[in-house]
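[1] what's the 3D shape of this:
(chains A and B)
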Amino acid sequence: MGFTAITTVAITLFIVGVFSIIVFDIQSVLNSIEKEVEIAVYLKDNISNDLKTYLENEIKSWPEVESVDYVSKEQALEKFKAQNEGSDILKEIQGNPLPASFEIKLKDPQKVEQVALRFVDKDGKNIDGVDEVIYGKSYIRKLFSITAVTGTIALLVIIILVLATMVLIYNTIRLSIYARRKEIEVMKLVGATNWYVRAPFLFEGLFEGLLGAGIAVTMLYLLNKFLLVKGESAIIDTMHIKNLAILGSSNIVMLAYFGIIIIGGLIGILSSGFALRRYLKV
Amino acid sequence: MNMIEFRNVSKIYENNTVALKDINLVIKKGEFVFIVGPSGSGKSTFIKLIIKETPVTKGTIFIAGRNICALKSNKIPQLRRNIGCIFQDYKLLSDRTVFENIAFALEVIGKPNYVIKAQVPQVLKLVGLYNKMDSYPHQLSGGEQQRVCIARAFVNRPPILLADEPTGNLDPATSEGIMKLLSRINLIGTTVVMATHEKSIVNSMRRRVIEMEDGLIIRDQKRGVYGT
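    From the prediction side, this is the model:
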């Protein structure tokens, strides 16, 4: 009887689970990229030591700033050499054309533009001693909007899937109410209480929801064990990003499993409750 | 004591059909009352209002002195446990035996097993079906099925028994047996209200007759007959 409903709950919640885990990982990838966001303030070669120290102290005093690193011309060159080892470009370099810079890390990456603009005066020119400020304006805006959009889309898809499952359970319970309508009629006529009539259907809904969720969790567990872990290690290897959901901590996976079970039970109880409200009027 | 009392009761269905118009009547404890009239005269509505299967539009109904119109929906089961109902189509569960059908009525109101085991055989003896308690409804004749229905309605010993065309599907001889059974139940002190349009039954019983037409009571006669 409830086979269709159980299967549907299982498949839907499985999709919800996979989807949530993927979205969670996308979010954590994006978050770690966000954390990398920094402002590079390139200094003019002729900057005085006083001005340099003044700037460094000033930047350190801003509350948004987490850390400031001074990179001297020499360090910059070494870095450049290390990054381009073996390349012909190194032979072309004469002297040291690279500028010294401050690398600023922020506590909240969303404030990057606000901070960067402090190096520009009212007329739109850079302040004294500063040659150029780089913080990847458009790229950062996109990144932030991607983070927000993926979150919203994920939530929408999950809500739609859950609603679809509810409609299916609702229909199953409605069918089983229909199949037992004569029994219910007699129950009502001889004075069974409303809860006595409702309880078996609510129980049926709860059972279908929980069983479906259980199957979904089992499938997720298997998938996680045999597929996702490998896939994610690949991502980590290529993108050098840590703290992914499944690998990072098993607590989050357990939480997801627990959440799916709870959602399954709720879906079952609520949808049979709705079906009863409309069709029993006891 | 007034068992059933209607005060200015009107019932208008959602499709604007007027089923009852300003009905006033009193049925005393232990009475046997026929409600007669053509189809659509309001007989069935009359019965449905008493068990609160449908709400009144206007007026008040008192059952054993209690205003049932003010009854909250969670108190309706309590009301129905005090009113037995018999139907033209018996409403038996086809996948259960005679015993189980009657036991079901006690189970759903939470009676313990030992009460069920004591009361069901007793009521089956009363209706004359003690030796058929293991039969299924389809193995019984129409008259026997109606007896099961009566047994189920009466097993909880309700003070009121409502019968909506109980002999509608039965031949005259079988109907007579059913009427005898209802009379016996009435003699024990149960108030019986029976809606019917069968002339011969009403005429042979000589009980109170309330005649309805178009939602109005057009006659209320002690020891009456079907037609005037």
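[2] can you list the residues of chain B near chain A?
    Residues of chain B lying close to chain A (C-beta under 8 Å from any C-beta of the partner chain) are B:51, B:73-74, B:76-82, B:85, B:91, B:93, B:104-105, B:108-110, B:152, B:156. For glycine as for every other residue, the C-beta is placed from the backbone atoms N, C-alpha and C.
[3] burial measure for residue B:32, as a count.
    A count of nearby residues for residue B:32, using other C-beta atoms under 10 Å in any protein chain shown, gives 21.
[4] you'd agree it is up against residue B:208?
    Yes - in this structure, residue B:32 is within contact of residue B:208 by C-beta atoms under 8 Å, at 6.9 Å.
[5] quick check: the gap between residue A:53 and residue A:66.
    20 Å (C-beta to C-beta, to the nearest Å).
[6] what stretches of the chain score poorly on pLDDT?
    If you meant another chain, say so; for now it's chain A. Low-confidence segments of chain A (pLDDT under 70): A:1, A:34-35, A:136-141, A:227-251, A:279-282.
[7] try again with chain B
    In chain B, residues with pLDDT under 70: B:228.
[8] farthest from the middle of it: give me that residue.
    residue B:114 (26.9 Å; C-alpha atoms, centre = their mean).
[9] that one - that's part of a helix, no?
    Yes - Residue B:114: assigned to a helix according to DSSP: H, G, I helix; E, B strand; the rest coil.
[10] how close does it get to chain A?
    Per C-beta to the nearest C-beta, to the nearest Å, residue B:114 is found 19 Å from chain A.
[11] next: residue B:214.
    The value you get for residue B:214 to chain A, if C-beta to the nearest C-beta is used, is 28 Å.
[12] so the residue nearest to the spatial centre of chain B bridges to which residues?
    For chain B, residue B:162 is the residue whose C-alpha lies nearest the centre (C-alpha atoms, centre = their mean; 1.4 Å). On the basis of DSSP bridges, residue B:162 is bridged to residue B:85, residue B:193.
[13] surely it and residue B:53 touch.
    No - with contacts counted by C-beta under 8 Å, residue B:162 stays clear of residue B:53, the gap being 10.6 Å.
[14] flag every buried residue along stretch B:121-132.
    Across stretch B:121-132, burial judged by 16 or more other C-beta atoms under 10 Å in any protein chain shown covers B:123, B:124, B:126, B:127, B:129, B:132.
[15] what of stretch A:24-40?
    Buried positions in stretch A:24-40, judged by neighbour count with 16+ other C-beta under 10 Å: A:24, A:25, A:26, A:28, A:29, A:30, A:33, A:34, A:37, A:38, A:39, A:40.
[16] from these, which is closest to residue B:224?
    Among those, residue A:24 lies closest to residue B:224 (C-beta to C-beta), at 80.3 Å.
[17] in a helix, that closest one, correct?
    Yes - assessed with three-state DSSP, residue A:24 lies in a helix.
[18] that one contacts residue A:255, doesn't it?
    No - contact criterion C-beta under 8 Å: residue A:24 and residue A:255 do not qualify, at 10.2 Å.
[19] which bits of the stretch 51-200 of chain A sit near chain B?
    Counting by C-beta under 8 Å from any C-beta, the stretch 51-200 of chain A sits next to chain B at A:182-183, A:185-194, A:196.
[20] residue A:134: which of those is nearest?
    residue A:194 (69.4 Å).
[21] how many other residues sit next to that closest one?
    Neighbourhood size, residue A:194 [other C-beta under 10 Å]: 17.
[22] and what of residue B:107?
    Per other C-beta under 10 Å, the neighbour tally for residue B:107 reads 17.
[23] that one against residue B:116, yeah?
    Yes - here residue B:107 lies in contact with residue B:116, judged by C-beta under 8 Å, at a distance of 6.8 Å.
[24] pretty sure residue B:166 sits in a strand.
    No - applying three-state DSSP, one finds residue B:166 to be coil, outside a strand.
[25] quick one: contacts for it?
    By C-beta atoms under 8 Å, 6 or more residues apart in numbering or on different chains, the contact set of residue B:166 is B:86, B:87, B:88, B:146, B:149, B:150, B:178, B:182, B:194, B:196.
[26] can you map out the helices along the stretch 51-200 of chain A?
    A:73-83, A:89-92, A:112-116, A:137-179, A:181-189, A:194-223 (DSSP state H, counting those that start in this stretch).
[27] chain B: strands as residue ranges?
    Here chain B has its strands, by DSSP state E, at B:2-12, B:18-28, B:32-36, B:58-63, B:66-67, B:83-87, B:160-164, B:191-196, B:208-213, B:216-221.
[28] now the angle from the second one to strand B:208-213?
    Compare the direction of strand B:18-28 with that of strand B:208-213 by axes from the mean of the first three to the mean of the last three C-alpha atoms, to 10 degrees and you get 170 degrees.
[29] export only the CA atoms of strand B:18-28, formatted as CSV.
    Coordinates of each C-alpha in strand B:18-28 appear next as CSV, following Å, rounded to 0.1, in the frame of the first residue of the first chain:
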residue,chain,number,x,y,z
VAL,B,18,-34.6,23.6,3.1
ALA,B,19,-34.8,20.2,4.8
LEU,B,20,-36.6,21.2,8.1
LYS,B,21,-38.6,24.4,8.8
ASP,B,22,-39.0,25.6,12.4
ILE,B,23,-39.7,22.2,13.9
ASN,B,24,-40.9,21.9,17.5
LEU,B,25,-41.4,18.5,19.1
VAL,B,26,-40.8,16.5,22.3
ILE,B,27,-40.1,12.7,22.5
LYS,B,28,-40.3,11.3,26.0
